[in-house]
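Asks: Structure for the following, please:
(one chain, ligands or ions: 1)
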Amino acid sequence: MVFVNPTNQAVMKFEGLHLYHAHISNCSARVRLLLEEKNLPWESHHIYLAKRENVTEEYFGINPKGVVPALVHDGKVITESNDILAYLDEVFPDTSFRQVADEKQSEIDNWLKISGEAHMPGIKTIQYYKRNATAMKKTDEEVALYRQLQKDPAYLEFHGKHDLPGQSFTAEDAATATNLMDNIFAEMEGILAADQWLVGDTYTLADISWSPTITTLMSGDYDFTAFPNLMAWYDQISQRPSFQKSVLEWRKKTFD
Ligand SMILES: N[C@@H](CCC(=O)N[C@@H](CS)C(=O)NCC(=O)O)C(=O)O
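Replies: All right, here's what the predicted structure looks like:
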């Protein structure tokens, strides 16, 4: 588990659980979902991405990549949504979402890893192509500030492409990203033809990590027709009161 050493030292005084998150972000939603499933109290620090509230020295001082979510737990900062899931389950084990046999634990870890790795080349690319082309466009001043704050080459490259005047991701980029996601969904489809959940017959961190991603892709009309078992799995999860509250209700909130 990697903790961030925040340059924004104000957060080091925080007690309890504080989540920096955005309402429609799938990375944020998976953490809210786990917090809800575990019935853990947390303080919300909402970051409105469309207003570039993440592109500030203050926020980069908490998450050096300038993305949501970031969890602060008793002054310790943890980033990367899937690492946050693993952390919370380890530190608050009372209602654990890793209740599978030892030899199946690595399957949970693998789904968390794929979830993290697929975000930028898959989900984020598709969403920027389909939905965020104008909503996430930065002004020239915001681009300059972003380039000053952002030190991570992968994020600089991603946003560099989108931030070029009059340009963003292309249909070809979106097709490559869709191909990547379709391959992952095909694997899930095979598993869910036989099992109720991604790792056997137990609802785990794997399901918690992936279900809000489906919500996000659906908002961009992703074509899921080839994956009926995945859709049945998603329907089942989306009816959980925890999911309604932490994922769907947050998406309806407005911050303008
Ligand atoms: N791998 C990171 C990805 C975080 C990420 O890209 N978050 C998005 C929202 S889902 C974000 O903050 N986007 C704003 C930006 O890239 O500037 C994680 O899982 O926490």
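Asks: now the strands: where do they sit in the stretch 1-150 of the chain?
Replies: Using DSSP state E, counting those that start in this stretch, the strands of the stretch 1-150 of the chain run over 3-4, 17-21, 43-46, 70-73, 76-79.
Asks: Give me the helices and strands touching the longest one, please.
Replies: Applying 3 or more CB pairs under 8 Å, 6 or more residues apart in numbering; DSSP states H and E, one finds that strand 17-21 contacts helix 26-37, strand 43-46, strand 70-73. Where you see a C-beta, it was placed from the backbone N, CA and C, and this is true even at glycine.
Asks: Indicate which one of those is closest to D109.
Replies: helix 26-37 (14.9 Å; CB to CB).
Asks: Pull the residues that contact the closest one.
Replies: Under the contact criterion CB atoms under 8 Å, 6 or more residues apart in numbering, helix 26-37 has outside partners 17, 19, 21-22, 42, 67-69, 71, 81-82, 84-85, 88-89, 95, 97, 115, 119, 123, 205, 208-213, 215-216, 242-243, 245-247, 250-251.
Asks: Tell me which of the residues you listed fall in helices.
Replies: 81-82, 84-85, 88-89, 115, 205, 208-213, 215-216, 242-243, 250-251 (DSSP state H).
Asks: what about stretch 46-65, average pLDDT?
Replies: Per-residue pLDDT over stretch 46-65 has a mean of 97.
Asks: Quickly check: that stretch near the ligand or not.
Replies: Yes. Contact of stretch 46-65 with the ligand (CB under 6 Å from any ligand atom) involves 49, 54.
Asks: Tell me the residues of this structure that contact the ligand?
Replies: So the chain meets the ligand at 22, 25-27, 49, 54, 66-69, 80-82, 116, 119, 124 (CB under 6 Å from any ligand atom).
Asks: 8 Å - rerun?
Replies: 22, 25-28, 47, 49, 54-55, 65-69, 79-84, 115-116, 119-120, 123-124, 136, 146, 155, 158-159, 216 (CB under 8 Å from any ligand atom).
Asks: Give me the pLDDT value at the nearest residue to E107 once chain neighbours are set aside.
Replies: Nearest residue to E107 in three dimensions, chain neighbours excluded: V199, at 4.7 Å (CB to CB, 6 or more residues apart in numbering). As predicted, V199 sits at a pLDDT of 98.
Asks: and if you look at T134?
Replies: Confidence score, pLDDT, at T134: 68.
Asks: quick one: low-confidence parts of this protein?
Replies: Counting by pLDDT under 70, the chain contains low-confidence residues at 1, 133-135.
Asks: Residue nearest the middle of it, spatially speaking?
Replies: Nearest residue to the geometric centre of the chain (CA atoms, centre = their mean): C27, 1.1 Å.
Asks: and the helix or strand where G160 lies, what does it pack onto?
Replies: Using DSSP states H and E, G160 maps to helix 153-163. On a contact count with 3+ CB pairs under 8 Å, 6+ apart, helix 153-163 meets helix 140-149.
Asks: Pull out the buried positions in the helix it packs on.
Replies: For helix 140-149, burial by neighbour count (16 or more other CB atoms under 10 Å) applies to 143, 145-146, 149.
Asks: for those residues, which one is nearest the ligand?
Replies: The ligand lies nearest to Y146 out of the buried residues of helix 140-149, by CB to the nearest ligand atom, at 7.7 Å.
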